[in-house]
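In: Structure, please.
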Amino acid sequence: MYKTCALFLAAALLASAEPRLQIVVVEGQNAINNSKTHTGREPVIEVRDENDAAVAGAVVTFQAPGTGPSALFGNGEATFLTQTDASGRAMARGLRPNSAKGPFQIRVTASLNGATASGTIEQTNAVPTETKSSSKKVLLIILLAGAAGGGAAAAMHGGKSAAAATTTSSGSIVPGSPVIGPPH
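Out: Okay, the predicted model is just below:
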């Protein structure tokens with residue numbers, strides 16, 4: 001009985017002596033990437049140990065799906081390998097989403113001295129829609145600018161126009177309602 005308890009205690013001590021890692025997503029979770037311009041949110045993770053301390057020098061692999069909605073990293077591949085910095089952080093630089101729309105997962109694996117951790121980062125590729133109101137505003141501004149320019153040109157050249165502004169004896173333009181009548 002004593003030997004059995006000693007063996008369980010020794011096994012528990014050995015298991016607790018092994019370092020354990022965890023991955024914390026810092027940036028990029030639930031990001032919406034622009035498939036039209038191929039711009040996306042670079043994932044950033046932090047690796048922590050069993051004492052919740054940052055782990056420097058851990059090897060980190062970011063892996064995007066091979067098909068469907070996905071992305072390539074700055075190296076032009078769907079897999080990016082890096083190490084954590086002094087603050088335990090690692091970033092998959094240069095993320096460029098493909099043109100396939102929809103959600104996808106980036107798999108993240110971190111390892112150091114035989115300890116490993118894994119996780120996922122959820123992202124979505126989408127094509128932003130142009131709002132019709134912004135294009136209508138631009139068109140309205142262009143039309144108003146053209147009408148103002150035409151009215152000013154007609155007033156400066158003494159031309160008569162049904163929609164032209166009224167001129168005073170000093171030659172200035174006076175705002176007001178256009179007067180529609182027979183020619184003078």
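In: Helices along this protein, start to end?
Out: 2-17, 132-156 (DSSP state H).
In: Compare those and say which comes out lowest on pLDDT.
Out: Between the helices of the chain, the lowest average pLDDT goes to helix 2-17, which shows a mean of 51.
In: In terms of pLDDT, where does the closest residue to Arg96 other than its chain neighbours sit?
Out: In space, and not counting its chain neighbours, Arg96 is closest to His38: 4.7 Å by C-beta to C-beta, 6 or more residues apart in numbering. For every residue, glycine as well, the C-beta is placed using N, CA and C. Looking at His38, its pLDDT is 92.
In: cool, Val25 as well?
Out: On pLDDT, Val25 comes in at 97.
In: Let me see the contact set for it.
Out: When contacts are counted by C-beta atoms under 8 Å, 6 or more residues apart in numbering, Val25 is found next to 43-45, 108, 119, 121.
In: and if you look at Thr84?
Out: Thr84 is in contact with 46-47, 54-58, 60, 90, 110, counting by C-beta under 8 Å, 6+ apart.
In: Now with 7 Å, please.
Out: By C-beta atoms under 7 Å, 6 or more residues apart in numbering, the contact set of Thr84 is 47, 55-58, 60, 90.
In: Just put the residues you listed in CSV and tack on neighbour count.
Out: Shown next, in CSV, are the contacts of Thr84 (neighbours: other C-beta atoms under 10 Å):
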residue, neighbour count
Val47, 28
Val55, 21
Ala56, 14
Gly57, 12
Ala58, 27
Val60, 22
Ala90, 26
